[in-house]
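S.K.: sequence below, structure please.
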Amino acid sequence: MAKIKAKGVSYAKWGYIFIAPFFIVFSIFTLYPVLMTFYYSFFERFMIGLNQHGPYYVGLDNYVAVLTGADGSFFSSNLWQYFLNTLIMWLLGFVPQIAASLLLAAWFTDLRLNLKMQGFFKTVIYLPNIIMAAAFSMLMFQLFDTIGPVNATLLRMDVVEEPVRFLSSTMGARGIIGLMNFIMWFGNTTILLMAAMMGIDPALFEAAEIDGASPRDIFWKITMPLINPILVYVMITSMIGGLQMFDIPQILTNTSGGPNNTTMTLIMHLNQHLFSRNFGMAGAFSALLFIGMSALSLLVFKTVANNAASGGPGH
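M.R.: Below is the predicted model:
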């Protein structure tokens, strides 16, 4: 009698079929443009009126032009000042953001506090995240105007003798941008950190309390190491978003990056190259920005991972 082979069913192909649409869309609209940006960064190509100049292969000339100033010096390029501007304004928003988010997440997930109306408060702190940056920028512009509510309150309380020109000072403009980034994103960060904390086994906290650990020790030696993966994700995505900062300072300063270019960000500078139709230079700038973000992300990942490894629950 002939043996009958059981026909196996392969489910692997269905998995590939279901994920194929994502990779197709990603390749067309993300991967291909990125690769073409790198490709055209080695060419001289710009528009003169309606006429296109190039593309002509120039090698690394675009990269050299981006990284050096008018005198040819590496450190005289405006790129470093714009990077410093972007970094300062990101830190002004991110440092209070991560501190407030950790505190709120710890409160909302602490069963001993038994906080009421948690759903309402979570909704309220997340609402600024869904407001358009353009609308939020105009709101803050009106609030901190010389005849706005903030100045009116300060004058009425005799804190100042004359209206403060917030957007005309370096720290004032940077501080407002940092404040806006904090308000818009701390709710999203809080939700992410809450999800991480809710995934921790409560038995670990109970065992630590029985052993006499203080709330501070529990937080730093149990909670923080165990939420490290989400914390790394939050830090890296926030840093990438900060380096891509554009809409808030662009609208708040009316595209000027004032005062004296102290709020000019990297992407605002890139937008100037695109506006001038200098595509090769913009491609080189974008490629350098991509490489820089990748290096910084790797540095943050390694640093936080090493700190978690040396400061885990057993230490």
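S.K.: okay, buried residues for stretch 122-131 please.
M.R.: K122, I125, P128 (16 or more other C-beta atoms under 10 Å). Any C-beta I mention is one placed from the backbone N, CA and C, and that applies to glycine too.
S.K.: ok, and what's touching that stretch?
M.R.: With contacts defined as C-beta atoms under 8 Å, 6 or more residues apart in numbering, stretch 122-131 is touched by L104, F108, F136, I183, M184, W185, F186, G187, N188, T190, I191, M194.
S.K.: against which helices or strands is the helix or strand hosting A295 packed?
M.R.: For A295, the host element (DSSP states H and E) is helix 279-310. Secondary-structure packing of helix 279-310 (3 or more C-beta pairs under 8 Å, 6 or more residues apart in numbering; DSSP states H and E): helix 32-40, strand 43-48, helix 61-67, helix 228-243, helix 266-275.
S.K.: residues making contact with the last one?
M.R.: Spelled out, it's helix 266-275. Counting by C-beta under 8 Å, 6+ apart, residues outside helix 266-275 touching it are 78-79, 82-83, 86, 243-246, 249-250, 255, 257, 281-282, 285-286, 289.
S.K.: taking the contacts of stretch 122-131 one by one, which sit in helices?
M.R.: L104, F108, F136, I183, M184, W185, F186, G187, N188, T190, I191, M194 (DSSP state H).
S.K.: tell me the two of the residues you listed that are most distant?
M.R.: Within these, two members stand farthest from each other by C-beta to C-beta: F108 and F136, at 24.4 Å.
S.K.: excluding chain neighbours, what is closest to the residue nearest to the spatial centre of the chain?
M.R.: For the chain, G241 is the residue whose C-alpha lies nearest the centre (C-alpha atoms, centre = their mean; 2.2 Å). Spatial nearest neighbour of G241, excluding adjacent residues (C-beta to C-beta, 6 or more residues apart in numbering): W185 at 7.8 Å.
S.K.: over to F219?
M.R.: F219's closest residue in space is A106 (C-beta to C-beta, 6+ apart), at 6.6 Å.
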